[in-house]
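> task: produce atomic coordinates for the following.
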Amino acid sequence: MKKAIIFDMDGVIVDSEPLHKEVERQMFTEFGMTISPERQHKFTGTSNANMWRQLKVEFKLPYEISYYVGIKEERYLEALAASNSVLLIPGAEELLKNLFSQGVKIAVASSSSLLNIDLVLRKFSIGKYFNALASGEEVALAKPNPAVFLLASQRLGVNPSNCVVIEDSTNGVRAAKAAGMTCVGLQSDSSLGQNLAAADLTVSSLSILNTNQLLSLA
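As a prediction, the model looks like this:
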């Protein structure tokens, strides 16, 4: 029976959520929107398009959703490429190495764009560990819809019930469970304010996870 581990990216593999939030806050100010930190955190784990779709209606923004998504993407990618402060989440590379060395199938399933995913994998030289990538821009509905996780399992050739997802957001956990997958909730600085109660297992660090433990969950 094939089993697989599917990783969210932002906040699970790389500590990029603070940079995402900073770019968003700059845009909120620029376009005359007042968004509380609590409200902003509720968008964690979903796609840029989904966030701007809601904000466009609420604030009667004048341009198409793609305009705001494009600005966010361009500014974020530029900031990420230049950043020395965005680092891999502690324990992420060690866990990837262990899974890879034991022949476990691994995927990224992220709400981020393919360009963003590719940049992270190249910047930190971790692309070699992954058998498949799935981006929120490839599916019609963003997390908490399960589409991106189902796409990842399809590309891995593994039944959803035999996949274990590692997530750090409320939207991500909901999406994983809706996909019929086991979910490990990662509590970290990035997940502050996120409700991970629906996860099958909650951990405070990737360092305490091992291959046998993860595979036993599926």
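> from now on I want contacts and neighbour counts done on CA atoms only, so please keep to that.
Fine.
> just the pLDDT at residue 191, thanks.
Confidence at residue 191, expressed as pLDDT, is 70.
> what about the helices in the protein?
17-30, 37-41, 48-59, 65-82, 92-101, 114-123, 147-156, 170-178, 211-217 (DSSP state H).
> check contacts around the most far-flung residue of the chain relative to its centre.
In the chain, counting by Cα atoms, centre = their mean, residue 62 sits farthest out from the average C-alpha position, at 28.7 Å. Counting by Cα atoms under 8 Å, 6 or more residues apart in numbering, residue 62 touches residue 56.
> rerun at 10 Å
31, 56 (Cα atoms under 10 Å, 6 or more residues apart in numbering).
> which residues sit in contact with the residue lying closest to residue 43 once chain neighbours are set aside?
Once flanking residues are discounted, residue 43 sits nearest to residue 51: 6.2 Å by Cα to Cα, 6 or more residues apart in numbering. By Cα under 10 Å, 6+ apart, residue 51 lies in contact with 40, 42, 43, 44, 65, 68, 69, 142.
> from those, list the buried ones, please.
Buried subset of the contacts of residue 51 (neighbour count, 16 or more other Cα atoms under 10 Å): 42, 43, 44, 65, 68, 69, 142.
> show the pLDDT at the fourth one.
Read it as residue 65. With respect to pLDDT, residue 65 has a value of 96.
> against residue 183, how distant is it?
Taking Cα to Cα, to the nearest Å as the measure, residue 65 falls 31 Å from residue 183.
> domain ranges for the chain?
4-15+87-217, 17-82 (automatic domain parsing).
> so which of the ones you listed is the most surrounded?
domain 4-15+87-217 (a mean of 20; mean count of other Cα atoms under 10 Å).
> from the chain's centroid, how far away is that domain?
Relative to its chain's centre, domain 4-15+87-217 lies at 7 Å (Cα atoms, centre = their mean, to the nearest Å).
> number the chain from 17, please
With the count now opening at 17, the last piece we talked about shows up as domain 20-31+103-233.
> span of it from start to end?
11 Å.
> contacts only, for the closest residue to residue 159 other than its chain neighbours.
Closest residue in space to residue 159, ignoring its immediate chain neighbours: residue 62 at 5.0 Å, by Cα to Cα, 6+ apart. Residue 62 makes contact with 126-128, 152, 157-161, 185-188, 191, according to Cα under 10 Å, 6+ apart.
> switch the residues you listed over to JSON lines; also include pLDDT.
Formatted as JSON lines, these follow (pLDDT from 0 to 100):
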{"residue": "126", "pLDDT": "97"}
{"residue": "127", "pLDDT": "94"}
{"residue": "128", "pLDDT": "93"}
{"residue": "152", "pLDDT": "94"}
{"residue": "157", "pLDDT": "94"}
{"residue": "158", "pLDDT": "92"}
{"residue": "159", "pLDDT": "95"}
{"residue": "160", "pLDDT": "95"}
{"residue": "161", "pLDDT": "97"}
{"residue": "185", "pLDDT": "94"}
{"residue": "186", "pLDDT": "95"}
{"residue": "187", "pLDDT": "95"}
{"residue": "188", "pLDDT": "96"}
{"residue": "191", "pLDDT": "98"}
